[in-house]
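>>> Okay, here's the prediction I keep looking at, along with the sequence it came from:
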Amino acid sequence: MADDQGPTAVKVCIAVVEFDLVQGQIARLVVPEDALSDEEKKDLAYHAFPDSKSVELSLSSGKNSIHDTLFHFRIRNRQAQLGGWHNAYAFCRQRHDPSLPRGGDQISVVVVSNKPMTTTLMQIAKFAGEVYFNKGEGVLSQVVESVHSWEESGLAGGRGSVGSDPGDPSDEGAGEGEAGLWKQMSPSRGGKQLTVRADEFVVPIIVPERKPSSLDAQAAGGGRWAPSGDAETRMAHSKVCTYSCLSGVVKHLWRIWEVVLLAEPLMIFGSNPEIVSSSVSACMDLIFPLPYGADYRPYYTIHDEEFSRVQNPENCGRDGNPTLIGVTNTYFLKACGAWPNILSVGGGDAAGGLAYNSPMSSPRSPRRGSWSKSWFNFGSADQRENLISVVDSYTQEFYSGPGTAKENFRVLASLDLTSDDASEMQWVTSATINTKLIRRHFQDLTEAFLGPIDPYRKGMYEARGPEEILLGLEKAAFPKNLTDCVEREKLLQLYAKFLKCANFKPWFEAR
């Protein structure tokens, strides 16, 4: 599926991947059939299922039970001349049936797109999976046609793929008339609505919009700049429920923010693809509105071609190697134990069949790491030997070296912490409130960090390179919320690292 339709075209295909007892994972069907090359089908199949341990957990959950999982990943676009990525959104159904040879079966319905519209296309994947299992493969072409009709309604690239809370779409109803009719939502709902159709099934698809950044200001010569950074990447992940993914490590969010800001190697480990892919999105969202400029893989496996190279963290970011990965196979903890930053997000069994972005689509009550101790010095060989046993217990912990950013105790004190025996509604309400608070705080913090550099990006100040920018920053006045987080002396060190990292150049050169 080559991306040859221009910057505003949203193109998708849908693949059905099955686990064959002889051939293993195989993409049995692709709609349209010529959308993916044979090599891309193989890449897709390797990522379409949870790892074996997750399979065993789900297939042993009960007689004749069905377990649905939603997750996303990226594979290389091997047809595009300049490279690039296919963004894949999987609805995986694992069915336990003692009468079957392996005691069950697995089928994934995967929506593949040329745009990283995570929030929107996860909804499409859920719909496509459910209608496939209800009506069969014939309806998948209708889903593809519905999405392709969105361009006629004005959907431009990935710009509407993420935003502030869209609200409950249930009372908006589906669009009337032609498939894909655009429906403007009220400003308070913060999004727009499209429809997807397959036979008699019609569902609304929310295309949320995020409020513009304070950095999207007027340029020196008049007029307005486009939103800062690559809009597709910048707005691809911002509707994940951050608190549900990272509730057990909230004390360490400021260190995680610094790691992601500097595009340092970060491995996220959890029990299933749903929680790790969501957590990758949650970590990337901490630096909004800055686009994540390095390579990232929401769900990474030992079948990825760079696996042998990324075992050495010094290779991360070089020659197309990723720096941010989500993994579920404990072998990564042995092979990649030298990575400087490892985040365990727990997970248990992912809640199946729930809408992406729902607080309930992530663990409701993860086993939290201790708030009273820091793991920032978890670097010695003796301590690293204990890593696998601790992380494999699916607690939430963060293992990293010392950083410069300090936690904000006012924000921590503002979080609405629910008890383990709280009702599901109480948990959802609490997670939603906490996510809004966390997102607002870290957006303000990132904007405060980028603010002193932004005039150079917009041409208001002249600089012949990062060195001159850094000299100018030595005389700059910094916002209080930034100096509360990072002491001024250490702040200049942080800027020096940022000006050399993979996140700086794509953002700075986006005009």
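Cool, got the structure.

>>> for the protein, what helix or strand is lowest in average pLDDT?
In the chain, the helix or strand scored least confidently by mean pLDDT, DSSP states H and E is strand 183-184, which has a mean of 30.

>>> Mind listing the strands the helix or strand just after that one pairs with, and their directions?
Downstream of strand 183-184, the next assigned helix or strand under DSSP states H and E is strand 191-198. Its sheet considered, strand 191-198 pairs with strand 183-184 (antiparallel), strand 201-208 (antiparallel) by DSSP bridges.

>>> Pull the distance from the last one to the chain's centre.
Put plainly, it is strand 201-208. Its chain's C-alpha centre and that of strand 201-208 lie 20 Å apart, by C-alpha atoms, centre = their mean, to the nearest Å.

>>> Now that Met284 has come up, it's in contact with Ala263, right?
No: counting by C-beta atoms under 8 Å, Met284 does not reach Ala263; the two are 10.5 Å apart. Just so you know, the C-beta spots here come from the backbone N, C-alpha and C atoms, and that holds for glycine as well.

>>> which residues do the two both contact?
The contact sets of Met284 and Ala263 overlap at 292, 324 (C-beta atoms under 8 Å, 6 or more residues apart in numbering).

>>> how about the most far-flung residue of the chain relative to its centre, what does it touch?
In the chain, the residue that sits farthest from the middle, by C-alpha atoms, centre = their mean, is Ser99; the gap is 37.3 Å. Residues counted as contacts of Ser99 (C-beta under 8 Å, 6+ apart): none.

>>> from memory Val16 sits against Phe133, does it?
No: checked against C-beta under 8 Å, the pair Val16 and Phe133 is beyond contact range at 10.3 Å.

>>> For Gly248, give me the pLDDT.
pLDDT for Gly248: 88.

>>> That one: neighbouring residues, count only.
22 (other C-beta atoms under 10 Å).

>>> ok, it touching Gly346?
Yes: contact status for Gly248 versus Gly346: in contact at 6.4 Å, counting by C-beta under 8 Å.

>>> Would you mind measuring from Tyr399 to Ala27?
Going from Tyr399 to Ala27 by C-beta to C-beta, to the nearest Å gives 36 Å.

>>> Kindly report the same for Met117.
22 Å.

>>> In terms of packing, which of the two has more residues around it?
Met117 (28 against 20).

>>> I'd like the distance from the more buried one to Leu194, if you could.
Look at Met117 and Leu194: by C-beta to C-beta, they are 11 Å apart.

>>> swap in Asp38?
With C-beta to C-beta as the criterion, Asp38 and Leu194 are 32 Å apart.

>>> Please apply the same query to Trp427.
30 Å.

>>> Between those two, which is the more surrounded one?
The neighbour comparison of Trp427 against Leu194 (other C-beta under 10 Å) goes to Leu194, with 26 against 19.

>>> and the residue lying closest to the more buried one once chain neighbours are set aside, what is it in contact with?
Leaving aside its chain neighbours, Leu194 sits nearest to Ile205 (4.8 Å; criterion: C-beta to C-beta, 6 or more residues apart in numbering). Shown in contact with Ile205 (C-beta under 8 Å, 6+ apart): 120, 123-124, 127, 193-196.

>>> which one of the residues you listed sits closest to His47?
Distance ranking of the contacts of Ile205 against His47, using C-beta to C-beta, places Ile124 first at 17.6 Å.

>>> Tell me if that closest one really is in a helix.
Yes: Ile124 forms part of a helix when assessed by DSSP: H, G, I helix; E, B strand; the rest coil.

>>> Leu140 is in contact with that one, correct?
No: taking C-beta under 8 Å as the definition, Ile124 is not a contact partner of Leu140, at 11.0 Å.

>>> quick one: the helices in the stretch 201-350 of the chain?
Here the stretch 201-350 of the chain has its helices, by DSSP state H, counting those that start in this stretch, at 231-234, 242-246, 253-261, 273-285, 307-310, 331-335.

>>> Including distance to Asp51 and mean neighbour count, could these go into a markdown table?
Shown next, in a markdown table, are those (distance: least, C-beta to C-beta, whole Å; neighbours: other C-beta atoms under 10 Å):
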| stretch | distance to Asp51 | mean neighbour count |
| --- | --- | --- |
| helix 231-234 | 27 | 22 |
| helix 242-246 | 19 | 28 |
| helix 253-261 | 24 | 24 |
| helix 273-285 | 8 | 29 |
| helix 307-310 | 14 | 18 |
| helix 331-335 | 9 | 17 |
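
>>> among these, which is nearest Tyr461?
helix 253-261 (21.8 Å).

>>> Thr301: what's it in contact with?
Applying C-beta under 8 Å, 6+ apart, the residues near Thr301 are 46-47, 51, 307, 327, 329.

>>> where are the low-confidence patches of the stretch 151-300 of the chain?
Judged by pLDDT under 70, the stretch 151-300 of the chain has its weakly predicted residues at 151-191, 208-212, 216-238.

>>> now the end-to-end length of stretch 323-336.
12 Å (C-alpha to C-alpha, to the nearest Å).

>>> Return the set of buried residues in stretch 25-34.
Across stretch 25-34, burial judged by 16 or more other C-beta atoms under 10 Å covers 25, 27, 30-31.

>>> In the helix or strand hosting Glu447, which residues are buried?
Using DSSP H and E, Glu447 sits within helix 424-450. Buried residues in helix 424-450, counted by 16+ other C-beta under 10 Å: 427-428, 430-432, 434-435, 437-439, 441-443, 445-450.

>>> was I right about Ala198 contacting Val131?
Yes: with contact defined as C-beta under 8 Å, Ala198 and Val131 form a contacting pair (4.6 Å).

>>> rewinding a little: relative to Pro506, which of the helices of the stretch 201-350 of the chain is closest?
helix 231-234 (8.1 Å).

>>> What is the burial count for the residue nearest to Gln443 when sequence neighbours are not counted?
Distances taken as C-beta to C-beta, 6+ apart place Phe288 nearest to Gln443, at 5.3 Å, with adjacent residues excluded. Phe288 has 21 neighbours, counted by other C-beta under 10 Å.
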